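Asker: the following block contains a protein sequence and its predicted model.
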Amino acid sequence: MIERFAERLADWQKRHGRHDLPWQQRGPYETWISEIMLQQTQVQVVIPYFNRFVASFPSEEVLAAAPIDDVLAHWAGLGYYSRARNLHRAAQVIMQEHQGSLPNDLEALIALPGIGRSTAGAIVSLGFGARGVIQDGNVRRVLSRVFCISGDLSKSIAQNQLWDLADTLTPDGGAESKVHAQAMMDLGSLICRRSKPKCEACPVADDCQALQRNAIAKFPERKQVKQRQDELWVMLQLVNANEETLFIKRPSPGIWGGLYSPPIGLSLNQLAADLLGNEQIETEYAGAINHTFSHFRVRIEHYVASVNAADVRVGEWCRTERFQKGVPAPIQHILSREEIK
DNA sequence: TACGCGTGGGA
DNA sequence: TTCCCAAGCGT
C-alpha cells in the first residue's frame, strides 16, 4: 500500500478542506440528517434544506413524533422522497429500540431504514468520531484514478475492489478516521473533480496511477444511461367556489410518494370520471411543462375546471398559495406561476 | 443484479 | 439542447 497516503491527505484536509459546512462540528443526529440529504444530492442544494429541517426537528424524539406530512413538507423540492419517509420511520425505531439516540455501531445503523453501508460508515466516523469507512461518489472517483479502477464502478467486481481499498487506506484511530473520511470527500469535491481536476494541487498526485499514465480523463469510466420513452401526463386542477384547489396525497412507494398535488393521470376523461363520476365538466387548458426525472421525461399538461366541492369525495381543498404540505417541485412551479393561457 | 426513485448544476 | 451525475438505498 501507498506510504503515508492517509497522513498526507489529512495534512491537506486540515489546511484546505471544508470545515464550515452547517452539519460539521455538530452531533451524530445532524450527521445522520445531512448524510441522508446528501445522497445523490449536491452540497449547495442541501444546505438550506438542512438548516430548515434541523431547526424544525432538532432531535430524534421530535422527528419521531412529527406527522409524516410535516417531514415531507420540509423535503419538498429535494427529491427522492423515500429518503424522508425512511428517515421518519428510522427515528421511530430509534425511539423504540435505541433509547432515543442513534446507535453507534455499524450493523445497528445499517438495520435502520434508509441507512446503507456508506451512510453508516459516515455516521460512525463523521458523527461519532470512531473508525468508519465511507464510499461515495467522491471516494469512488478518487480511488478509480489513484488505482486505475476501470469498468462500471457500480458493478460488484469494482465495488469489492473499492471497498477493500477504502478500508485499507482508512486509519485505525477514530479521530484520524474522521479526518480521513472528510478528506476523501473534500479531495474528490475540490481537487479530484469530475472535469478539470486540479492535479497540480493534489496532495497524493505522486501516488496517482492515472496521472502517471496521463490518463486522468479515462477514470472513472462513463456509464451509459438508457433512455426510457417519454410520457404524457395530464393534471386536472379542480377549483371550487371559494377558489380552493383539490389536493390529493400521492401513493407511496411511487413518484412523489407521500406528497400532495392536484390529480394527475394519463387521460383527462379518466381523471374526470374517477373524481366526479359521469358528470360532464368543462376544462380549460392552462399550459404545460416538461420535466426530467432520474429515469424518464414527462410532459405535464395542466387543465383547470370549476366544480362544486360537494361533488368530490376525496382529497382536501385549499388555496394553492396557502397549502402547507409537501408539493413536488414542478407541480409547485405550475401552480405558482402566472398563467399565460 | 438491475431498476425505481427527484432535482438542479455544470459542461 | 442534451447529457452526465451529485456525501445511495431498497427491492
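Answerer: Arrived safely, thanks for sending.
Asker: which residues touch A:K14?
Answerer: Going by CB atoms under 8 Å, 6 or more residues apart in numbering, A:K14 touches A:V179. Heads up, the C-betas are built off the backbone N, CA and C, glycines and all.
Asker: and the helix or strand hosting it, anywhere near DNA strand C?
Answerer: For A:K14, the element it lies in under DSSP states H and E is helix A:5-16. No - if you take CB under 7 Å from any atom of the strand as the test, helix A:5-16 misses DNA strand C, and the best it gets is 11.6 Å.
Asker: what about that helix, distance to the chain center?
Answerer: Using CA atoms, centre = their mean, to the nearest Å, the distance from the centre of helix A:5-16 to the centre of the chain it belongs to is 28 Å.
Asker: go through it and flag the buried ones.
Answerer: A:F5, A:A6, A:R8, A:L9, A:A10, A:W12, A:Q13 (16 or more other CB atoms under 10 Å).
Asker: again with stretch A:80-98
Answerer: Here stretch A:80-98 shows A:81, A:83-88, A:90-91, A:93-95, A:98 as buried, counting by 16+ other CB under 10 Å.
Asker: out of the residues you listed, which is nearest to DNA strand C?
Answerer: The nearest member of those to DNA strand C, counting by CB to the nearest atom of the strand, is A:N86 at 5.8 Å.
Asker: need the contact list for the closest one.
Answerer: Counting by CB under 8 Å, 6+ apart, A:N86 touches A:I36, A:P113, A:G114.
Asker: re earlier: show the average pLDDT along the helix holding A:K14.
Answerer: Averaging pLDDT along helix A:5-16 gives 96.
Asker: one step back: among the contacts of A:N86, who's most crowded?
Answerer: Counting neighbours by other CB atoms under 10 Å, A:I36 leads the contacts of A:N86 with 23 neighbours.
Asker: am I right that that residue is in contact with A:G116?
Answerer: No - with contact defined as CB atoms under 8 Å, A:I36 does not reach A:G116; the gap is 10.4 Å.
Asker: could you look up the SS state of the residue of the stretch 151-300 of chain A found nearest DNA strand C?
Answerer: DNA strand C sits closest to A:V225 of the stretch 151-300 of chain A, with a gap of 3.8 Å, by CB to the nearest atom of the strand. Secondary structure, DSSP: H, G, I helix; E, B strand; the rest coil: A:V225 is coil.
Asker: quick check: A:S101 vs DNA strand C, distance?
Answerer: Distance, A:S101 to DNA strand C, by CB to the nearest atom of the strand, to the nearest Å: 19 Å.
Asker: and stretch A:191-210, end to end?
Answerer: Start-to-end span of stretch A:191-210 (CA to CA, to the nearest Å) is 14 Å.
Asker: in the stretch 101-250 of chain A, which spans are strands?
Answerer: Here the stretch 101-250 of chain A has its strands, by DSSP state E, counting those that start in this stretch, at A:231-239, A:245-249.
Asker: and stretch A:156-175, what's buried?
Answerer: For stretch A:156-175, by 16+ other CB under 10 Å, it's A:A158, A:Q161, A:L162, A:W163, A:L165, A:A166, A:L169, A:T170, A:P171.
Asker: same deal with stretch A:65-77?
Answerer: Neighbour-count burial for stretch A:65-77 [16+ other CB under 10 Å]: A:A66, A:D70, A:V71, A:L72, A:A73, A:H74, A:W75, A:A76, A:G77.
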